[in-house]
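**Student:** here is a sequence together with a model predicted from it:
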Amino acid sequence: MVLIFPAVAMLSDITAATEASYQVTIDQARPRYATVQAQITPQQGKIFLNDAAADTGLYHGWATFVHSIKAFDADGNPVEVVYLTDGSWRLSSPANQEVTLHYQMLLQHDRFPNDPGDDELAYAQPWGVMWTGRALFISGADAGNIEVAFDIADNWRVTTPWQRHADKQHTFKVDGNRQLLDAAFMAGTHDEFELQQGNAFVRLGLGGESVRSQADFFKSIVTRYLDQYGNLFGGPPSANMVLLASEGRLLGGGVMGSSISMLFDSQLTQNMLPLAHYITTHEMYHLWNANFNYENLPELYWFTEGFAEYATFLTALRGGDLDQKTFLVQLAGRYQNYHDVFGDLSMAEAGAAKLDHYDLIYSGGMLAALALDINIREQSSHAFSLNTLHQYIYANYSPGSQTGLTNDELISAIQRSTHIDTRQFFERYIKGTSKLPIDQVLLSLGLMISKTDSDGLFEFAFLPHRNANQLAVWQSLTGESPF
């Protein structure tokens, strides 16, 4: 294939008063071909397609899909581009001089098995495309002021968390490389909505007929859980948000910075709405906790994912979206998953291969959150809870904080915020492989655990007679006050 690129000088209008710029052209007739023209400054003579680009299982990572990359210096002279490895290239131009790049990215990510998944990379549908910045934009040295412009069909729109340019259509202002790469956008004939809840702002992009038909469902969830999670953490997420949802090849969701991307692998019928509710609210929680400053994230995946699971179901119960019976069924299911896998590997160690140890990280992490919550409530006579910890972490470990979270730092954060020493708990159940004391936790809540006669699965039920303390703990956990 021979590609004819526009003259280098065409970007002069776009790049005035900016440190970097990208012009993305997507042809409605050939949506799987994105042509990008960019002006960036290499970092020590190198340019990159995301610092984790080789983690996809593809030999060259996402660079596999880069086609016909060219570079030019400030005078329009060609610059040699040599591919290195792991999605990086070396340029023959002086290291700190701006270059103009031309490249075409083929949207093939949804045609290959990949990790982390189509929802966190890119996909194409009859109505248009979804891209993440990390899968599309080649970057260099950090730029504090970036402009991204889209050349698309007249009947298309672009939905992204970036700030719209006041005077230029389909043009956005981006604050730095991190916000450029840790973001997603939807371009096509999808529906877009803008929602404001307190200090939090979010755009919705809904693609596919069945997803678009559930616009009121998504708008209701987003506005209510922005409020509820905002109360839980004591403030809004750190940036404006976008939530993109569509029918697709896979089922799931992911968070990149302040962007949520979700796919539903079949028609979003009424019967699927409880699952859609769960995925949406789980991913919304990550708008807060996925963006904290982590020193070693894999050892804390039990915390980020387990606490998200716990908050998702408990907030739904407290808000009336989930009845007590369903809550107990979900809790018993998570216990079943954890019971079947605990013992060989600690939760902290399992994070190094999160998806290979899904039940230990997600279900085990959720039960660890429940155990910690009950422990803190009982030892503090209900003066403190995980809500206290959420707000402490939000205040002290938000993006830009000097201290990064580790398991040891989390122990210290619990001690400082609730005055409860959880070091032994962490040593036995998080860093160690001992079974979580769920029987004791359930007893505190006035619950008992048993197995059904028919299939041998665990189920939770209330004790026939709960004492005053058990009733108080259950009410404290599920009542109207913030948990």
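**Tutor:** Great, that's in hand.

**Student:** next, the buried residues of the host helix or strand of F327.
**Tutor:** Element membership of F327 [criterion: DSSP states H and E] is helix 324-339. Residues of helix 324-339 classed as buried: F327, L328, Q330, L331, A332, R334, Y335, Q336, N337, Y338, H339 (neighbour count, 16 or more other Cβ atoms under 10 Å). (Each C-beta comes from the backbone N, C-alpha and C, glycine too.)

**Student:** by contact count, what packs against the lengthiest strand in the chain?
**Tutor:** Secondary structure of the chain per DSSP state E: the longest strand is strand 30-40. Helices and strands touching strand 30-40, by 3 or more Cβ pairs under 8 Å, 6 or more residues apart in numbering; DSSP states H and E, are strand 20-27, strand 99-106, strand 128-132.

**Student:** change it to 10 Å
**Tutor:** strand 20-27, strand 66-72, strand 99-106, strand 122-125, strand 128-132, helix 133-136, strand 146-151, strand 184-188 (3 or more Cβ pairs under 10 Å, 6 or more residues apart in numbering; DSSP states H and E).

**Student:** partners of the first one, with directions?
**Tutor:** Strands that pair with strand 20-27, judged by DSSP bridges, come out as strand 30-40 (antiparallel), strand 146-151 (parallel).

**Student:** so, low pLDDT: which residues of the stretch 351-483 of the chain?
**Tutor:** For the stretch 351-483 of the chain, residues meeting the criterion pLDDT under 70 lie at 453-454, 480-483.

**Student:** tell me the domain boundaries of this structure?
**Tutor:** As given by automatic domain parsing, the domain ranges for the chain are 1-187, 190-291, 297-478.

**Student:** any idea of the mean pLDDT for the first one?
**Tutor:** Taken as a whole, domain 1-187 has a mean pLDDT of 85.

**Student:** do the same with stretch 317-331
**Tutor:** Stretch 317-331 comes out at a mean pLDDT of 92.

**Student:** endpoints of it, how far apart?
**Tutor:** End-to-end span of stretch 317-331 (Cα to Cα, to the nearest Å): 12 Å.

**Student:** for F342, phi and psi?
**Tutor:** phi -70, psi 160 (degrees, to the nearest 10).

**Student:** what's the burial count for the spatially closest residue to it that is not a sequence neighbour?
**Tutor:** Among residues not flanking F342 along the chain, K435 sits closest, at 5.6 Å (Cβ to Cβ, 6 or more residues apart in numbering). Using other Cβ atoms under 10 Å, K435 is surrounded by 14 other residues.

**Student:** K435 touches L360, doesn't it?
**Tutor:** No. At 11.7 Å, K435 and L360 do not qualify as touching, with contact defined as Cβ atoms under 10 Å.

**Student:** touching both of these two, which residues are there?
**Tutor:** Overlap of the contact sets of K435 and L360 (by Cβ atoms under 10 Å, 6 or more residues apart in numbering) consists of Y338, F342, G343.

**Student:** any chance of JSON lines for the residues you listed, columns distance to K70 and pLDDT?
**Tutor:** What follows is the shared contacts of K435 and L360, written out as JSON lines (distance: Cβ to Cβ, whole Å; pLDDT from 0 to 100):
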{"residue": "Y338", "distance to K70": "53", "pLDDT": "95"}
{"residue": "F342", "distance to K70": "54", "pLDDT": "91"}
{"residue": "G343", "distance to K70": "55", "pLDDT": "90"}
